[in-house]
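Novice: the following block contains a protein sequence and its predicted model.
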Amino acid sequence: MNINWFPGHMAKTRKILTENLKLVDLVIELLDARIPLSSKNPDIDGIVKNKPKIIVLNKSDLADDKISEEWSKWYNSNGYTNIFIDSVKGKGVKELKARMRDMMKEKIERDRQKGRIFRPIKTMIVGIPNVGKSSLINRIAGKSSAVTGDRPGVTRGKQWINVNDGIQLLDTPGILWPKFEDENVGINLAVTGAIKDDILDTVELASVALERLADTYPERILERYKLSSVENRKGYELLSEAGKKRGCIVSGGEVDLTRISAVVLDEVRGGRIGKISLERPGMSGKPGETGGGT
């Protein structure tokens, strides 16, 4: 599956990040808990450099709890501050605010001694499209301050959002690297919805998704789509049978592959087949080393 997508507005975002980094105290790097490797932009570490950072893994409600626990241990053992959250329901957001204040405690105290009494913590939130930045900002702020949407790339420009408890958030558009040297990165991003479906072959994508999930979560696939078996079967076969079981049939009795593909991808992304994770520690090196750069 060949994925090569780099809209012009994302090049502009890199410039925005670099220019505004000096304005913030702390960076929140937002990842998808289901795909921590693939959802990490490999350019961000080079841009952020030594600025204090918290890795926030969103959509934890959709991720496999056991694998998320493995990731948490991995991050902790490698010195990464990390928090798993669900920005829709607010799980982990209180802990995130507390961690931000704790990390900036010494700097805030130094500023107070210099007379800056009411000094907010200025934070930049960065991440690839559709990872949930706007939803997280709205949850932290307690109001719908940021532009949100279910299509990748909805947030277009930077905006500051004031939070009542001494926090200022700088929202920025999602940024995605221009090419994927590792095909798995592109597939994982596409399966979870970070890449627009209109530039992909959804039948091929749904087939790949089913084949991989049949290997890692076979019981879920069997139960959800009432399949006869998943062992040693290609994704296209699984998709075709799922289409028959769901009644996605066109005239002549043929399976409507486009329709069942949309159903499968929607159910995978929405967690209707259960909590799943597509990556776990040990699949590659440090987060960010999987995938292409510029």
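Specialist: Nice, I can see it.

Novice: distance of residue 198 relative to residue 132?
Specialist: 21 Å (CB to CB, to the nearest Å). C-betas here are computed from N, CA, C, even on glycine.

Novice: so between these two, which is more surrounded?
Specialist: Per other CB atoms under 10 Å, whichever of residue 198 and residue 132 has more neighbours is residue 132, with 24 against 7.

Novice: residues near the closest residue to the more buried one other than its chain neighbours, how many?
Specialist: Nearest residue to residue 132 in three dimensions, chain neighbours excluded: residue 58, at 4.3 Å (CB to CB, 6 or more residues apart in numbering). By the other CB under 10 Å criterion, the neighbourhood of residue 58 contains 26 residues.

Novice: contacts only, for residue 58.
Specialist: Residues near residue 58 by CB atoms under 8 Å, 6 or more residues apart in numbering: 30, 31, 32, 33, 85, 86, 87, 131, 132, 135, 136.

Novice: change it to 7 Å
Specialist: Residues near residue 58 by CB atoms under 7 Å, 6 or more residues apart in numbering: 30, 31, 32, 33, 85, 87, 131, 132, 136.

Novice: so the fourth one makes contact with residue 68?
Specialist: So that's residue 33. Yes. Judged on CB atoms under 7 Å, residue 33 makes contact with residue 68 at a distance of 5.7 Å.

Novice: name the residues contacting each of those two.
Specialist: Joint contacts of residue 33 and residue 68 (CB under 7 Å, 6+ apart) are 60, 84.

Novice: with neighbour numbers in mind, choose between these two.
Specialist: For residue 33 versus residue 68, neighbours defined as other CB under 10 Å are more numerous around residue 33 (28 against 19).

Novice: roughly how far apart are that one and residue 276?
Specialist: Counting by CB to CB, the gap from residue 33 to residue 276 is 11 Å.

Novice: just residue 200 next, same as before
Specialist: Going from residue 200 to residue 276 by CB to CB gives 19 Å.

Novice: likewise for residue 84?
Specialist: The spacing between residue 84 and residue 276, counted by CB to CB, is 15 Å.

Novice: list the contacts of the residue positioned nearest the centre of the chain.
Specialist: In the chain, the residue lying closest to the centroid (CA atoms, centre = their mean) is residue 32, at 2.7 Å. Residues near residue 32 by CB under 7 Å, 6+ apart: 39, 58, 59, 131, 192.

Novice: could you check the pLDDT of it?
Specialist: Here the pLDDT value assigned to residue 32 is 96.

Novice: quick one, phi psi at it?
Specialist: phi -90, psi 120 (degrees, to the nearest 10).

Novice: look at the closest residue to it other than its chain neighbours and give its secondary structure.
Specialist: Nearest residue to residue 32 in three dimensions, chain neighbours excluded: residue 39, at 4.0 Å (CB to CB, 6+ apart). Following DSSP: H, G, I helix; E, B strand; the rest coil, we place residue 39 in the coil state.

Novice: flag every buried residue along the strand or helix carrying residue 95.
Specialist: In this assignment (DSSP states H and E), residue 95 forms part of helix 93-103. By neighbour count on 16 or more other CB atoms under 10 Å, the buried set for helix 93-103 is 93, 96, 97, 99, 100, 103.

Novice: so can I have TSV of those residues showing pLDDT and distance to residue 79?
Specialist: What follows is the buried residues of helix 93-103, written out as TSV (pLDDT from 0 to 100; distance: CB to CB, whole Å):
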residue	pLDDT	distance to residue 79
93	92	23
96	95	18
97	92	22
99	94	15
100	93	18
103	93	13
